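Asks: Got a predicted model here, sequence first, then my questions.
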Amino acid sequence: MAAAVAELVFFSGTMDCGKSTLALQMDHNHRVRGRGGVRFSRNDRAGESRISSRLGLETDAVEVVDGTDFWEEVMRRRTHGQRVDYLICDEAQFYTPEQVEQLAKVVDEIDVDVFAFGITADFRTRLFPGSQRLIELADRVQVLQVEALCWCGRRATHNARTVDGVMVTEGAQVVVGDVDMAVDGAVAVAGHHVPVVGYETLCRRHFMRRVTAHGANLMAEQDQLLPFDVDACLWHGSGGPAAGTGA
Ligand SMILES: Nc1ncnc2c1ncn2[C@@H]1O[C@H](COP(=O)(O)OP(=O)(O)O)[C@@H](O)[C@H]1O
Ligand SMILES: Cc1cn([C@H]2C[C@H](O)[C@@H](COP(=O)(O)O)O2)c(=O)[nH]c1=O
């Protein structure tokens, strides 16, 4: 039987859909079968040189920086006799397009499997440069089976950013943060206001209407006073189509 051909696979989904968990599971599964791998990550929430899953698993990893060259990383290890059959690349949205090209070269030239994990788009729905290059070059883009949900129960497809609980659409592309901070209010440190940046996964409908769980709760409270439907209320307010159009 022919040996399996190495692959560049991009495992993608929204925040909080289990990418890091899968990264750690795949590393485990390959390792217990005697394969040698290297784990990489960049800007994990748990800190430098970590891969952390919200399920509680956490392990060490090589921190990727702008100067990281994946080709050299693999070559150096192999020169020192270390077995490298696969790479686990978490938070791959933060890698540079050049680094993604190095990953493709590692797959094609020296048959190392590369399993990359990351979100595709930022809080403005724009592709991260690293994710764009992965989509362009990967043998396969695999959307994770576990779906993060919007507060309305639909499948979440977008990552919203909140500042002090309010959804924003402007700001730096990279701000490390977590999903359980989304409804927390502002904090003050030594009298100074420190904005709290959080994220919330939303369906497209509620992303476009800018309705987070917090906003929906507020509107539901108002709804008890006024007999308006939350979504209908928004469409009327934003000049969009009337409620009941199925939009
Ligand atoms: N307390 C919990 N019990 C069961 N599953 C949990 C718990 N907390 C988080 N999870 C699962 O972990 C997933 C997030 O995993 P994680 O690997 O951290 O996501 P990602 O890397 O995609 O942001 C959630 O979608 C959920 O399925
Ligand atoms: C949408 C978005 C996210 N981020 C950051 C926030 C987190 O630190 C990571 C995603 O990690 P996860 O394991 O997938 O939850 O990305 C960002 O910097 N900019 C954004 O627009």
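Replies: Looks like it arrived, so ask away. Keep in mind the model is a prediction, meaning the values are calculated, not measured. Residues are numbered from 1 along each chain as shown. Ligands and ions are numbered 1, 2, ... in the order given.

Asks: Please report how far residue 9 lies from residue 128.
Replies: Distance of residue 9 to residue 128, given as CB to CB, to the nearest Å: 17 Å. From N, CA and C alone the C-beta is placed, and that goes for glycine too.

Asks: Which one's more surrounded, the two?
Replies: Remark: of residue 9 and residue 128, residue 128 carries more neighbours, 21 against 18, as counted by other CB atoms under 10 Å.

Asks: quick one, strands of the chain?
Replies: Secondary structure of the chain (DSSP state E): strands at 8-12, 37-41, 50-52, 58-60, 62-63, 86-89, 113-118, 140-143, 158-163, 166-168, 187-189, 192-194, 197-202.

Asks: Turn those strands into TSV, including distance to ligand 2 and mean pLDDT.
Replies: Formatted as TSV, the strands of the chain follow (distance: least, CB to the nearest ligand atom, whole Å; pLDDT from 0 to 100):
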stretch	distance to ligand 2	mean pLDDT
strand 8-12	10	98
strand 37-41	9	98
strand 50-52	8	98
strand 58-60	12	98
strand 62-63	14	98
strand 86-89	13	99
strand 113-118	7	98
strand 140-143	13	98
strand 158-163	3	97
strand 166-168	10	96
strand 187-189	19	65
strand 192-194	18	85
strand 197-202	6	97
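
Asks: got the ones you listed as TSV, with distance to residue 212 columns?
Replies: Converted to TSV, those look like this (distance: least, CB to CB, whole Å):
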stretch	distance to residue 212
strand 8-12	23
strand 37-41	28
strand 50-52	24
strand 58-60	28
strand 62-63	32
strand 86-89	30
strand 113-118	23
strand 140-143	23
strand 158-163	6
strand 166-168	5
strand 187-189	18
strand 192-194	20
strand 197-202	5
